[in-house]
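# quick one: sequence and predicted model below, then my questions.
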Amino acid sequence: MKIQRAIFAKGASAFFFDDQRAIRKGAAHDGFFYEGKCVTPGFTRIRMAGESISVMLLLDDGQIAVGDCAAIQYSGAGGRDPLFLADDYLPFLEKHLRPALEGREIESFRSMAAALCGGEIDGRHMHTALRYGVSQALLDARAKALHKLRCEVICEEYGLPINPEPVPIFGQSGDNRYENADKMILKRVDVLPHGLINNIEEKLGRDGGKLKEYIHWLKHRIDRYKPCDDYNPVLHIDVYGTIGMIFDNNPLKVAKYIDDLQSEACKYKLYIEGPVDMEGKPRQLEVFGKIKAELRRLGSPVKIVADEWCNTVEDVRDFIAADACHMVQIKTPVLGGVQETIESVLYCRAAGMEAYQGGSCNETDVSAQCCVHLAMATHPQQMLAKPGMGFDEGFATVKNEMQRIREVLKGLGIRD
């Protein structure tokens, strides 16, 4: 079977591009807008509408394989690729990818991804968002050619057992961290609430008191409204480096504060994502390692999660080698081709590191559904409910695709 035509369509993503550096520096809200000057190159406003590009491959039997190019909300931060605006990258797809795709024989996913989703084409850097969308379409094309699920293709090509067991889902609240947490409790979400603690004055507090109050509220909310006695969700809070900002990135002070948070969480397991952002990978590894070592010395059960400056398979390996965290977020659009996500999760599992298959609110329904297949093949500790920041829509997208996969696999005679 061959790819007959490649078609690219400009689209919308499910959230926005935000200038993270400007927000961390205290950019003020005005409704849904932010006021102030941009800091990250490429931004013309602190908040800009998210964009995507759909890659559609028309196969010679009439089927259509699809993948969506998308980039994260905080593009250009933490060592990531710059702002992804569709009009800037559609010409690159038309010039370089269309001729490489059209007429191509559909071979194994791994061989096609290696050939077409590398870092450069014709000497030009290929944006991770492009590699992300093209690789999704190639995986879908291979699955359609074989009349199999995408997760089955991954299992076959990577030598993995097919396992219908569900992957725990992590809900993200956005700024509506109270009402959305209630929704997560009602829907028995496995991991919650993300929290979006990206501003000191509004969300963390100059002494960290506001985050302590929020975790205290969260614990009591779960206890009061849990749908059943055996519902014990994991608490996972993303703080975007703000804890480091109030403690001058002193690893001992940061670790002590993180350990203190467990007293508010009580019996619930607590993960803190991105406690510091050292604006570069070497320092990030160093300070994260010291925080983890101090948490170990304190006998703390709280775990820290790497996100910023962990953007490639090599970065994932470096964080593991440095013993710099308890969990790695594998941020799917940031790594580029979905094969990079597969390899990163499998590397974490082999090394005994907890893997969080993440991503962004700023993705699409297509990329989110593809990511469910990646997770159902590789089985990380958790995967993000996406896209969007309303919670319900992203949770339904991921949960429903996971349930479809499970029931189809069971129908094929594969059991939990």
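Structure's in. What do you need? Residues are numbered from 1 along each chain as shown.
# residue 346 touches residue 379, doesn't it?
No: with contact defined as C-beta atoms under 8 Å, residue 346 does not reach residue 379; the gap is 9.6 Å. Every C-beta, even on glycine, is put in place using the N, C-alpha and C of the backbone.
# which residue ranges of the stretch 251-400 of the chain form helices?
251-265, 281-298, 313-321, 332-335, 338-351, 365-378, 392-411 (DSSP state H, counting those that start in this stretch).
# where does this protein dip in pLDDT?
119, 416 (pLDDT under 70).
# show me the domain layout of it.
Structural domains annotated on the chain: 3-158, 169-411, as defined by automatic domain parsing.
# could you dump the ones you listed to JSON lines with mean neighbour count?
Output for the domains of the chain, formatted as JSON lines (neighbours: other C-beta atoms under 10 Å):
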{"stretch": "domain 3-158", "mean neighbour count": "19"}
{"stretch": "domain 169-411", "mean neighbour count": "20"}
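# who's in contact with the closest residue to residue 336 other than its chain neighbours?
In space, and not counting its chain neighbours, residue 336 is closest to residue 131: 3.7 Å by C-beta to C-beta, 6 or more residues apart in numbering. Residue 131 is in contact with 117, 118, 336, 337, counting by C-beta atoms under 8 Å, 6 or more residues apart in numbering.
# which helix or strand contains residue 131?
helix 128-146 (DSSP states H and E).
# how near is the residue nearest to residue 280 when sequence neighbours are not counted to residue 373?
Of all residues not flanking residue 280 in the chain, residue 309 sits nearest, at 7.0 Å (C-beta to C-beta, 6+ apart). Distance, residue 309 to residue 373, using C-beta to C-beta, to the nearest Å: 27 Å.
# how about residue 320?
Relative to residue 373, and taking C-beta to C-beta, residue 320 is found at 25 Å.
# all strands of the stretch 1-150 of the chain, in order?
3-18, 28-30, 33-35, 47-59, 64-69, 120-121, 124-125 (DSSP state E, counting those that start in this stretch).
# ok, the residue nearest to residue 280 to residue 82 distance?
Taking C-beta to C-beta, one finds residue 309 at 16 Å from residue 82.
# picking that back up, closest to residue 292 out of the strands of the stretch 1-150 of the chain?
Proximity to residue 292, assessed across the strands of the stretch 1-150 of the chain by C-beta to C-beta, is greatest for strand 3-18 (28.4 Å).
# from the chain's centroid, how far away is that closest one?
Computed by C-alpha atoms, centre = their mean, to the nearest Å, the separation of strand 3-18 from the middle of its chain amounts to 18 Å.
# okay, the angle between it and helix 128-146?
Strand 3-18 runs at 140 degrees relative to helix 128-146, counting by axes from the mean of the first three to the mean of the last three C-alpha atoms, to 10 degrees.
# start at 424 instead
Will do, 424 is the new start, and the previous item becomes strand 426-441.
# what's strand 426-441 packed up against?
strand 470-482, helix 509-515, helix 521-524 (3 or more C-beta pairs under 8 Å, 6 or more residues apart in numbering; DSSP states H and E).
# need these in a markdown table with distance to residue 677, can you?
Converted to a markdown table, the helices and strands packed on strand 426-441 look like this (distance: least, C-beta to C-beta, whole Å):
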| stretch | distance to residue 677 |
| --- | --- |
| strand 470-482 | 29 |
| helix 509-515 | 38 |
| helix 521-524 | 47 |
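# list the residues that contact the closest residue to residue 444 other than its chain neighbours.
The spatial neighbour of residue 444 that comes closest, neighbours along the chain excluded (C-beta to C-beta, 6+ apart), is residue 462 at 4.0 Å. Contacts for residue 462 (C-beta under 8 Å, 6+ apart) come out as 442, 444, 445, 448.
# tell me which of those is nearest to residue 748?
Distances from residue 748 to those, taken by C-beta to C-beta, are shortest for residue 444, at 22.4 Å.
# which residues does the closest one contact?
Per C-beta under 8 Å, 6+ apart, neighbours of residue 444: 462, 463, 500.
# make TSV from the contacts of residue 554 and add distance to residue 568 to it.
Formatted as TSV, these follow (distance: C-beta to C-beta, whole Å):
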residue	distance to residue 568
540	18
541	22
759	23
760	19
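# hang on, isn't residue 645 packed against residue 608?
Yes: at 5.8 Å, residue 645 counts as touching residue 608 under the criterion of C-beta under 8 Å.
# and residue 813, how far is that from residue 540?
31 Å.
# now do residue 641
In terms of C-beta to C-beta, residue 641 sits 40 Å off from residue 540.
# ok, residue 529 next?
15 Å.
# and if you look at residue 649?
43 Å.
# just residue 435 next, same as before
For residue 435, the distance to residue 540 - C-beta to C-beta - is 23 Å.
# same check on residue 591?
Taking C-beta to C-beta, one finds residue 591 at 28 Å from residue 540.
# now do residue 531
13 Å.
# for residue 762, same thing?
For residue 762 relative to residue 540 (C-beta to C-beta), the value is 7 Å.
# so for those two, which residues contact both of them?
Common neighbours of residue 762 and residue 540 (C-beta under 8 Å, 6+ apart) are residue 558.
# now, which of the contacts of residue 462 sits nearest residue 495?
Out of these, the member with the shortest distance to residue 495 (by C-beta to C-beta) is residue 442, at 12.5 Å.
# who touches that closest one in this structure?
450, 457, 461, 462, 463, 466, 469, 470, 499.
# which non-adjacent residue is nearest the last one?
Read that as residue 499. Nearest to residue 499 is residue 463, by C-beta to C-beta, 6+ apart, at 4.3 Å.
# also the third one?
Computed as C-beta to C-beta, 6+ apart, the closest residue to residue 461 that is not its neighbour in sequence is residue 442, at 5.2 Å.
# and what of the second one?
Leaving aside its chain neighbours, residue 457 sits nearest to residue 469 (3.7 Å; criterion: C-beta to C-beta, 6+ apart).
# ok, now which ones touch residue 776?
742, 743, 748, 749, 750, 751.
# nearest to residue 669 among these?
Of the contacts of residue 776, the one sitting nearest to residue 669 (C-beta to C-beta) turns out to be residue 748, at 20.3 Å.
# and that closest one, how far from residue 465?
From residue 748 to residue 465 the distance is 29 Å (C-beta to C-beta).
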